[in-house]
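Asks: would you be able to build a 3D model of this:
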Amino acid sequence: MPFTFLVGGARSGKSTLAVRLASAFDGPVVVVATAEARDDEMLDRIRAHRSARPAEWVTAEAPLHPLAAVEGIDQKACVILDCLTLWVSNALEAGGSEDAIDGEARTLASILAERDAPSVVVSNEVGLGIVPANELARRYRDVLGRVNGSFADEASRSFLVVAGRGLPLREVTPS
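Replies: Modelled structure (predicted):
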């Protein structure tokens, strides 16, 4: 089944597109959510995301361990993983090593690619702006870039999402 990777800027419509794609699946859907409601604004964002999804969809909260969450989901259920951006941030904040994060990302992407039902993964592209001024921000950008690359490598299709529209990403091959 297709494994779709959606990457784009903040508020580009990635999550909305993920919901649209999963809504076409005729079966159960599980949303693996990595966000944590650490303040009122984030709580409002989480509520808005949940209200945009069908009520029968199941949410699995996995701010630090999306791999374990995905491994526990029935193969016949569609998976939305939203989002890698917050997972990487949470993992770095919790003291996770870059190697451990990279390894879990590769394993997770591979497992999603092999699932019976479709999977949709959401992430932000944070490498299009200026070089961050501090070491932690540069490290975060670098780790997320590698994680995104791992998911794009395994996905059957990848899209850069802008204004809620997906632009297909294609592998560049040497001529």
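
Asks: buried stuff in stretch 61-68?
Replies: By neighbour count with 16 or more other CB atoms under 10 Å, stretch 61-68 contains the buried residues A62, P63, L64, H65, P66, L67. (Each C-beta comes from the backbone N, C-alpha and C, glycine too.)

Asks: then stretch 164-174?
Replies: If you call a residue buried by 16+ other CB under 10 Å, then stretch 164-174 has these buried ones: G166.

Asks: returning to that earlier point: now, the most widely separated pair of the buried residues of stretch 61-68?
Replies: Checked with CB to CB, the buried residues of stretch 61-68 reach their widest spread between P63 and L67, with 12.5 Å between them.

Asks: do a quick rundown of the strands in the chain.
Replies: Residue ranges of the strands in the chain, as given by DSSP state E, are 3-8, 29-33, 58-61, 78-82, 119-124, 157-162, 165-169.

Asks: what about stretch 95-113, average pLDDT?
Replies: When pLDDT is averaged along stretch 95-113, the result is 97.

Asks: what does that stretch contact?
Replies: For stretch 95-113, contacts defined as CB atoms under 8 Å, 6 or more residues apart in numbering pick out 3, 64, 66-67, 70-71, 79, 81, 84, 88, 91-92, 119, 121, 139, 142-143, 146-147, 150-151, 153-156.
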